[in-house]
Structures are given as structure tokens and as C-alpha cells.
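Participant: sequence? don't have it. structure:
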């Protein structure tokens, strides 16, 4: 709407309603337009809130689906290449330390080779025994 059309409508309203009624009508029209704007803004905000809520739910569902897909493949889809790419399970950690030197009790026992000690002693040198004071 151009400026000349607005002036024409204002003059026409002035002639129809008169100078006493025109300010009252303008106030009412402004009040109704303000209420309409507030209602439309609330409606827009509510629609945007619902859309963001739905997007958030979709993202959660997609994340859960990704976790389920990466955790275990569906039945019948596993092949050898997917099984070989998995890392091996971690070895259990032993907390108890073995004594470095066993006390000699029998000469026959000491002279006989111990298969457990011969394999470990040739591979790695024995660690010195830990003192009890350092563990306390």
C-alpha cells in the first residue's frame, strides 16, 4: 500500500466516522492488532518448541540405534572380516607377586628342574623381593 492510498483511506474514514469517533476507533483497532500479534507470536513459539522437541526425540532415537548397531550387528550379518577387527580381550591382571627365590628344603627337589621356573627364568630376569615396609 502506497502513501497516497493510506492518506486516501484516512480521509475517507474521517468523513465516514467523523473527527470525534476516529481516535476511539483507531485505539480499538490498535488494541486488536496488538492482541493478534501476541497470539500469533505465541502460536509460532509453541510450534517451534514442538518441532525442536520432535527433533530432539529423533536425535535420541538415532543415537540409540547407532549404539545398538555398533554394539552388536544384527543376526546373520556378521562375517569373518568384522570378527577379526575386534580387539582381543584384555588379559587378567595378577595382583599377587611370586617370591623370587624359593627356600631350599630338599636337595633332590632343588636339583630337579622346575618346568615353571625354567621357562620364566630364561625369558626374564627375576625381580628382587619387595620389602614389607614399602607395602605398609
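Facilitator: Thanks, I have the structure now. On a predicted model such as this, the values are computed, not experimentally measured, just so you know.
Participant: going forward, measure contacts between C-alpha atoms and count neighbours the same way
Facilitator: OK.
Participant: how about residue 30, secondary structure?
Facilitator: Secondary structure assignment for residue 30 (DSSP: H, G, I helix; E, B strand; the rest coil): helix.
Participant: Tell me the spacing between it and residue 60.
Facilitator: According to CA to CA, to the nearest Å, residue 30 stands 45 Å off from residue 60.
Participant: likewise residue 41?
Facilitator: As judged by CA to CA, residue 41 and residue 60 stand 29 Å apart.
Participant: Now do the helices in the chain.
Facilitator: 3-71, 80-84, 107-111, 115-123, 132-135 (DSSP state H).
Participant: Return the most buried member of those helices.
Facilitator: Most buried of the helices of the chain, by mean neighbour count (mean count of other CA atoms under 10 Å): helix 3-71, with a mean of 12.
Participant: Residue 6: what's it in contact with?
Facilitator: With contact set as CA atoms under 8 Å, 6 or more residues apart in numbering, residue 6 has no partners.
Participant: pLDDT value on it, please?
Facilitator: At residue 6, the pLDDT value in this model is 91.
Participant: Residue 41 too?
Facilitator: Residue 41 carries a pLDDT value of 97.
Participant: One more: residue 60?
Facilitator: Taking residue 60 on its own, its pLDDT is 93.
Participant: Quickly note the distance from it to residue 69.
Facilitator: From residue 60 to residue 69 the distance is 14 Å (CA to CA).
Participant: how close does residue 35 sit to residue 66?
Facilitator: 46 Å.
Participant: do residue 41 as well
Facilitator: With the distance defined as CA to CA, residue 41 ends up 37 Å from residue 66.
Participant: what does residue 53 give?
Facilitator: 20 Å.
Participant: Over to residue 42?
Facilitator: From residue 42 to residue 66 the distance is 36 Å (CA to CA).
Participant: Residue 19 now?
Facilitator: Taken as CA to CA, the span from residue 19 to residue 66 is 70 Å.
Participant: cool, residue 16 as well?
Facilitator: Using CA to CA, residue 16 is found at 69 Å from residue 66.
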